[in-house]
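**Q** Got a predicted model here, sequence first, then my questions.
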Amino acid sequence: GSISNSGISGYDLFTGGIQNKDLNVATREVGRRRKYGSEDRVGHLMSKLQEQYKRNNSVSVIECTPTVTQLKSQKIQHIVFIDDISGSGRRIAEFWKYCVPRSVKSLLSFKRIELWIVLYAITSKGRVKLGRAIPNFPIKTHLISVLPESDYRYLLDQELTCLAKDYAKMIDADIANGRTPAENREQAFGAYAFVDLNTDESGNNGTWSKAQTYLALGNTMHAVARLGIDSTPMEGVDSELIGELFADELGGYVCEVALVIGYHETQTDYNAKLPKSRLSQEQVIEVI
């Protein structure tokens, strides 16, 4: 079978059941970090390929991450590299350099197998990088990007803009409280650069932002303890279910940890009357 631009390009391949196809609208999916993230887009593409090519019998076998043995024994004619968003192009270039076996590169070199790269979006810089990294790759015909090179940043920037608006509220509060002079408002946004420093080329900063949550969690637990209020943190919560149940309250953010605040029950809780067992301070804290 063969793969053509008209066959596998197109927004539907990545989005499947997404109802809103307006590329100028970048709303967040409730309860998720990003509306239709990498795994969703790639997953939709794989299912569409299976559905499309096996239905019309143009392709007999579609293997996900095939071995060299499978490539040869099943006489696979096309290899498709699938990625979400390629900013610098480095991720695919390094995958080609370090992960693709020499025997496969040889098959591609002798045109016994065709290589395709399918992306949701790519920058001009990324396209140039891939053209240089993969020898003799027909980038004009075999690199397929759903979004035009100039459009994808708009989608990523929408969520960063939302975060910036939240940050602006903090700056305005500092101005109202006298912490920051009003004439230094624009300058105060310089501290927001840490967001870009911790955002990858796909626009995701979830790992970093989750870590910041625990700083706020510790401060909150300390504050309520000073007020004589009990609190119990709970990690490992079902973030997706909580996102559905508290969609309005979360406003698109993800719940990574829950904190219960209140007063302990002394009458009906049998555990409340038992002596507490704690390690000594010396066992817990090491003075350096």
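**A** Yep, that arrived. Residues are numbered from 1 along each chain as shown.
**Q** The stretch 51-200 of the chain: strands as residue ranges?
**A** Residue ranges of the strands in the stretch 51-200 of the chain, as given by DSSP state E, counting those that start in this stretch, are 78-86, 114-122, 143-145.
**Q** Partner strands of the first one, with direction?
**A** Translated: strand 78-86. strand 114-122 (parallel) (DSSP bridges).
**Q** same check, this time on the last one
**A** Counting by DSSP bridges, the strands paired with strand 143-145 are strand 114-122 (parallel).
**Q** give me the low-pLDDT residue ranges for the stretch 1-150 of the chain?
**A** Scanning the stretch 1-150 of the chain for pLDDT under 70 picks out 1-46, 49-50, 52-63, 148-150.
**Q** do that again at 90, thanks
**A** Within the stretch 1-150 of the chain, the stretches with pLDDT under 90 are 1-132, 135-150.
**Q** Tell me which of the strands of the stretch 51-200 of the chain lies nearest to Lys210.
**A** Of all those, strand 78-86 sits nearest to Lys210, with 19.7 Å by Cβ to Cβ. Just so you know, the C-beta spots here come from the backbone N, C-alpha and C atoms, and that holds for glycine as well.
**Q** ok, and for the closest one, which residues are buried?
**A** For strand 78-86, burial by neighbour count (16 or more other Cβ atoms under 10 Å) applies to Ile79, Val80, Phe81, Ile82, Asp83, Asp84, Ile85, Ser86.
**Q** ok, now stretch 89-100?
**A** Applying 16+ other Cβ under 10 Å to stretch 89-100 flags Gly89, Arg91, Ile92, Ala93, Trp96 as buried.
**Q** backbone phi and psi for Thr260, please?
**A** Slight slip there: residue 260 is Val, not Thr. Val260 adopts backbone torsions of phi -90, psi 130, taken as degrees, to the nearest 10.
**Q** rewinding a little: so can I have TSV of the strands of the stretch 51-200 of the chain showing distance to Phe246?
**A** Shown next, in TSV, are the strands of the stretch 51-200 of the chain (distance: least, Cβ to Cβ, whole Å):
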stretch	distance to Phe246
strand 78-86	28
strand 114-122	29
strand 143-145	36
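**Q** still on that earlier bit, helices - which of the buried residues of stretch 89-100 land there?
**A** Judged by DSSP state H, helices contain the following of these: Arg91, Ile92, Ala93, Trp96.
**Q** For Asp172, see how far away Thr180 is.
**A** 9 Å (Cβ to Cβ, to the nearest Å).
**Q** Likewise for Leu143?
**A** In terms of Cβ to Cβ, Leu143 sits 45 Å off from Asp172.
**Q** Those two: which is more packed in?
**A** Using other Cβ atoms under 10 Å, the more surrounded residue of Leu143 and Asp172 is Leu143, with 23 against 14.
**Q** these two touch, right, that one and Leu115?
**A** No. The pair Leu143 / Leu115 is not scored as a contact, 9.5 Å apart, by Cβ atoms under 8 Å.
**Q** Now for those two: what residues contact both?
**A** Common contact partners of Leu143 and Leu115 (Cβ atoms under 8 Å, 6 or more residues apart in numbering): Phe137.
**Q** For stretch 134-141, give me every contacting residue.
**A** Against stretch 134-141 from outside (Cβ under 8 Å, 6+ apart): Asn5, Ala93, Trp96, Ser109, Leu115, Ile117, Arg127, Leu130, Gly131, Leu143.
**Q** Only the buried subset of these, as a PyMOL command please.
**A** For the buried members of the contacts of stretch 134-141, the matching PyMOL selection, counting by 16+ other Cβ under 10 Å, is:
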select buried, resi 93+96+115+117+127+130+131+143
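**Q** what's the closest of the contacts of stretch 134-141 to Asn271?
**A** Ala93 (57.2 Å).
**Q** ok, the closest one - contacts?
**A** Applying Cβ under 8 Å, 6+ apart, the residues near Ala93 are Lys129, Leu130, Ala133, Ile134.
**Q** same thing but at 7 Å, please
**A** Shown in contact with Ala93 (Cβ atoms under 7 Å, 6 or more residues apart in numbering): Lys129, Leu130, Ala133.
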